[in-house]
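Asker: no FASTA, just this:
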C-alpha cells in the first residue's frame, strides 16, 4: 500500500465529531475482544456478526459507518492472529496476548463513508457522526490516482493536530520509475557505535536524535509531572505541559524516520542488490555483555543497543 498524508484543520464541532468516531472505534474493538475472551473458539464470522449486533444495540455505534466498524473488528483479528502465531512458533517470553485499548488515536474507513470532491482538494465524511467537509493540505497530488485505487481512508490524531491518510493500492511494476542498473552489490551491517557499515568500507554515523533531545524531554516531563494532581481534574496548565512534551517526542520521531528514509533511498538507488543479516534484536539485547555504569561510553552503547536496529527496520 502507498500512503498519502494530508494535514486537516477541522473546526471545534468537527474535532468533537472526529474524537467521537475514534472513541466509537475503540469501543467496538474492545467489545469484540471481550466477546472473544468470553466465548472460547469463536471465529472471524462470529466476531463480525457480533459487530452487527452492536450496531443494533447502540445508537452511537450505528452512527459510525459500517465499514469503519468492520475495520475496528479487523484490528482485533490481527491482534488475535499475531498472538496465535507467536504461540505456534514458540516465541520466547511474552506472546502478546491481546489487550484492551484505552487511547486509540485513529479511525479507519474503507471504500464507503467518505467522498472526495471534484477538485480533490476536500474530503467529505458522509456517515452520521457529522464530521462533514475537510480541506486537504499537502504537497502530494492525489489527482494522479483513480478513485477505485483508494482502498482505505484513515483519520488520525497526533500531538500537532489531525491528519487524513489515503491508502492506495498500486502495482510497483508500472508505477515506480525505472532506475538504471548500477551493477553494484553491497552488504550491510548494523552497528552500535555507528548506524550501519557496508562492505565497501562506508560508515553511516548514528545521529542519536533521542540522546540529543533527552535533556529537553526530561525537563518538559518534570514540568508536566509538577502540574499533575492525583485524584482531581487536571488543569489547563497540565494539558498545555503535556502537549509540549508530546510535541517534542513527535519531533524526535520524525527526525529518526526521515533519517532512515534518506539512508534507505540512497542505498536502493546506488545498488542493485543488498545483503543484510536476519538478526533477532530481542536476543541480542538479552545476551549483551554487561557494561559498567562507571564507563560512560560503554553504558551509552548498551542503551543505544537495539534502537539502531529498530530504526533500520
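Answerer: Everything's here; your move. Computed from a prediction, not measured in an experiment: that's the story for all the values here. Numbers count the residues shown, from 1 in each chain.

Asker: Tell me how far stretch 237-255 lies from the chain's centre.
Answerer: Chain-centre distance of stretch 237-255: 17 Å, with CA atoms, centre = their mean, to the nearest Å.

Asker: Identify the bridge partners of residue 190.
Answerer: residue 196 (DSSP bridges).

Asker: Okay, now the unreliable bits of the stretch 101-250 of the chain?
Answerer: 173-176 (pLDDT under 70).

Asker: Give me the phi and psi for residue 269.
Answerer: phi -70, psi -30 (degrees, to the nearest 10).

Asker: contacting residues around it?
Answerer: Shown in contact with residue 269 (CB atoms under 8 Å, 6 or more residues apart in numbering): residue 179. (Glycine included, C-beta is placed from N, CA and C.)

Asker: contacts for the helix or strand containing residue 108?
Answerer: Using DSSP states H and E, residue 108 sits within strand 106-109. Strand 106-109 is contacted from outside by 18, 21-22, 24-25, 64-65, 67-68, 71-72, 125, 152-157, using CB under 8 Å, 6+ apart.

Asker: Ok, stretch 16-29 next?
Answerer: Contacts for stretch 16-29 (CB under 8 Å, 6+ apart): 10, 51, 54, 58, 60-61, 63-64, 68-69, 71-73, 75-76, 101-102, 104-108, 127, 129-132, 155, 157, 162.

Asker: Which of the residues you listed fall within strands?
Answerer: 106-108, 132, 155, 157, 162 (DSSP state E).

Asker: Redo those residues as JSON lines? Include neighbour count and distance to residue 169.
Answerer: Shown next, in JSON lines, are these (neighbours: other CB atoms under 10 Å; distance: CB to CB, whole Å):
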{"residue": "106", "neighbour count": "19", "distance to residue 169": "19"}
{"residue": "107", "neighbour count": "29", "distance to residue 169": "20"}
{"residue": "108", "neighbour count": "21", "distance to residue 169": "15"}
{"residue": "132", "neighbour count": "15", "distance to residue 169": "27"}
{"residue": "155", "neighbour count": "25", "distance to residue 169": "19"}
{"residue": "157", "neighbour count": "17", "distance to residue 169": "25"}
{"residue": "162", "neighbour count": "20", "distance to residue 169": "24"}
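
Asker: what does the next helix or strand after the strand holding residue 108 contact?
Answerer: Remark: after strand 106-109, the chain's next helix or strand is strand 114-116, criterion DSSP H and E. With CB under 8 Å, 6+ apart as the test, strand 114-116 has contacts from 122-126, 142, 147, 150, 153.

Asker: try 6 Å this time
Answerer: Contact partners of strand 114-116, identified using CB atoms under 6 Å, 6 or more residues apart in numbering, comprise 123-126, 153.

Asker: C-terminal to that strand, what's the next element?
Answerer: strand 122-125.

Asker: partners of that following strand in the sheet?
Answerer: Using DSSP bridges, strand 122-125 pairs in its sheet with strand 114-116 (antiparallel), strand 132-135 (antiparallel).

Asker: Go through those strands and pick out the most buried.
Answerer: strand 114-116 (a mean of 17; mean count of other CB atoms under 10 Å).

Asker: how far out from the middle of the chain is it?
Answerer: 23 Å.

Asker: Just give me the neighbour total for the closest residue to residue 209 other than its chain neighbours.
Answerer: Nearest in space to residue 209, with sequence neighbours left out and distances taken as CB to CB, 6 or more residues apart in numbering, is residue 255 at 4.5 Å. Look at residue 255: counted by other CB atoms under 10 Å, it has 15 neighbours.

Asker: do the one 10 residues further on as well
Answerer: Taking other CB under 10 Å as the neighbour definition, residue 265 ends up with a count of 10.

Asker: In CSV, list the strands paired with strand 122-125 along with distance to residue 229.
Answerer: Shown next, in CSV, are the strands paired with strand 122-125 (distance: least, CB to CB, whole Å):
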stretch, distance to residue 229
strand 114-116, 40
strand 132-135, 35
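
Asker: ok, the strand holding residue 108: who's next to it in the sheet?
Answerer: strand 150-158 (antiparallel).

Asker: buried residues in the strand it pairs with?
Answerer: 150, 152-157 (16 or more other CB atoms under 10 Å).

Asker: ok, which stretches of the stretch 201-313 of the chain are helices?
Answerer: Assigned by DSSP state H, counting those that start in this stretch, the helices in the stretch 201-313 of the chain fall at 209-226, 236-270, 281-286, 296-304, 307-312.

Asker: Single out the most deeply packed of these.
Answerer: Using mean count of other CB under 10 Å, helix 307-312 ranks as the most buried of the helices of the stretch 201-313 of the chain, with a mean of 17.

Asker: how about the buried residues of strand 150-158 in TSV, adding distance to residue 236?
Answerer: Listed next are those as TSV, based on distance: CB to CB, whole Å:
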residue	distance to residue 236
150	39
152	36
153	33
154	30
155	25
156	24
157	19
